[in-house]
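Peer 1: Sharing a model prediction with you, sequence too.
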Amino acid sequence: MSEETIAVVAVSAANGAKGGAERFYEGLIDALERAGAKTELIEVTSDESSFEAIQETYLRCYDLDLSHYYGVISTKAPSYLVRHPNHVCYLLHTMRSFYDMFETEFPAPGEVLDKQRDMIFALDTAALRRPHTKKVYVIGKEVQKRLAHYNGLDSEVLHLTTTLQGFYCGEFRYAFLPGRLHRWKRVDLIIEAMRDVKSPLPLLISGVGEDEAYFRELARTDKRIIFLGRVSDAQLIQLYANALVVPFVPVREDLGLVTLEAFLSRKPVLTCVDSGEPAHFVTDRSNGFVCPPEPGEIAARLDFLYQNVDTAKRMGECGYAAVEHIKWETVASTLLQSLGR
């Protein structure tokens, strides 16, 4: 470490879970170093099992001594609590359980939870405002909208892309749903939609997560639905390559690399009107479908694509054209310029 080095402050889960955030850190560090910057990854473990644990993570970020670095790039909540005169934030997301998912997670919160939420809002707003943070970049329009609505803060969208390479287009054989098996991803919505799908269309689901057992039980009687568990990067690329369609219907997703990876594989994406950033990338009936979050609506579109493979191929080509310009090089040059490099 030296005064020429840029610190990238990352937040990792206390349970050791790996996902899109870790791939983001990998891609960001690689892009900055290819652009000629010396970097060091500073990891802070975040335990969200209680509010006391969350407060401790906020304090650990605030107490970090990064004074010997040239600049600092913070990322996921609450890394932006760091103190440095040359600090920019490239925000993945704030703690969503206190933001857009608060009412879902806590339908009857009470006075204590309301006060905790107010504290998180106040800390986040102060930390992300000038002069504490010189500039706030966000990974998508969904995060931008959330910051404006809850914190009254302006930000600039700076799209990232996947760290995976070697995407290609193969056959068009099945619906493929990759990713974390968590209720916010609404895997159950796709499983329920399959009950209305008349075509013999297989649904392949890869990944692991907190709600895997529930999803498996929900799909138990449908032999078309196959859970693959954790797959390698090479397997993931192959699974995308031979998909007919990639259904991706999370709730107000921040970005969703699934959409980008499907499009780079020239596959259409089926998403929902309330799915957040995927609904910004997908143009209905052009590179996929954007439909209401209702099983029957989803099923009708899956049946349509099964019966119209040529349309699926055309949509996939349009999807590729929509994202091929998104490069890590743009991310690195933009952030470095903001840091004065």
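Peer 2: Great, that's in hand.
Peer 1: what are the ranges of the strands in the stretch 151-300 of the chain?
Peer 2: Ranges of strands within the stretch 151-300 of the chain are 156-157, 174-177, 203-206, 225-229, 243-247, 269-272, 288-291, based on DSSP state E, counting those that start in this stretch.
Peer 1: For Val323, which of those strands is the nearest?
Peer 2: Between Val323 and the strands of the stretch 151-300 of the chain, the shortest gap by C-beta to C-beta is with strand 269-272, which sits at 10.4 Å. All C-beta spots, glycine's among them, are computed from the backbone N, C-alpha and C.
Peer 1: What is that closest one packed up against?
Peer 2: Secondary-structure packing of strand 269-272 (3 or more C-beta pairs under 8 Å, 6 or more residues apart in numbering; DSSP states H and E): strand 243-247, helix 257-264, helix 277-281, strand 288-291, helix 295-307.
Peer 1: wait, which of these is closest to Val8?
Peer 2: Judging the helices and strands packed on strand 269-272 by C-beta to C-beta, what sits closest to Val8 is helix 257-264, at 18.5 Å.
Peer 1: any weak-confidence spans in the stretch 201-341 of the chain?
Peer 2: Applying pLDDT under 70 to the stretch 201-341 of the chain picks out no residues at all.
Peer 1: Point me to the helix or strand that includes Thr45.
Peer 2: Here Thr45 sits within strand 39-46, counting by DSSP states H and E.
Peer 1: In that strand, which of the residues would be classed as buried?
Peer 2: 39, 42, 44, 46 (16 or more other C-beta atoms under 10 Å).
Peer 1: Could you pull up the mean pLDDT of that strand?
Peer 2: Averaging the model's pLDDT scores along strand 39-46 yields 95.
Peer 1: Run through who's touching it.
Peer 2: Surrounding strand 39-46, the residues in contact under the criterion C-beta atoms under 8 Å, 6 or more residues apart in numbering are 1, 5-14, 25, 29, 32-33, 54, 57, 60-61, 64, 66, 69, 76, 78-79.
Peer 1: ok, now stretch 78-85?
Peer 2: 7, 9-11, 44, 46, 54, 57-58, 61-62, 64, 66-67, 69, 71-72, 74, 87, 89, 91, 95, 123-124, 127-128, 132-133.
Peer 1: if you set the cut-off to 6 Å instead, what comes out?
Peer 2: If you take C-beta atoms under 6 Å, 6 or more residues apart in numbering as the criterion, stretch 78-85 is touched by 9, 11, 57-58, 61-62, 64, 66, 72, 74, 89, 127-128.
Peer 1: Name the nearest of those residues relative to Tyr306.
Peer 2: Tyr306 lies nearest to Val11 out of those, by C-beta to C-beta, at 41.2 Å.
Peer 1: And the strands in the stretch 1-150 of the chain?
Peer 2: 6-13, 39-46, 71-74, 87-91, 135-138.
Peer 1: on that earlier part again, and the strand holding Thr45 with strand 6-13, angle?
Peer 2: The directions of strand 39-46 and strand 6-13 differ by 30 degrees, with axes from the mean of the first three to the mean of the last three C-alpha atoms, to 10 degrees as the criterion.
Peer 1: Make 824 the starting number, not 1.
Peer 2: All right, first residue 824 from here; so that's strand 862-869.
Peer 1: What strands flank strand 862-869, and is each parallel or antiparallel?
Peer 2: Sheet pairing for strand 862-869, assigned by DSSP bridges, gives strand 829-836 (parallel).
Peer 1: how far away is the closest residue to Ala1122 other than its chain neighbours from Cys1095?
Peer 2: For Ala1122, ignoring the flanking residues on the chain, the nearest one in space by C-beta to C-beta, 6 or more residues apart in numbering is Asp1019 at 3.5 Å. Plainly put, Asp1019 is 15 Å away from Cys1095 if you go by C-beta to C-beta, to the nearest Å.
Peer 1: which of these two has more neighbours?
Peer 2: Set side by side, Asp1019 and Cys1095 give different neighbour counts by other C-beta atoms under 10 Å, the larger being at Cys1095 (25 against 15).
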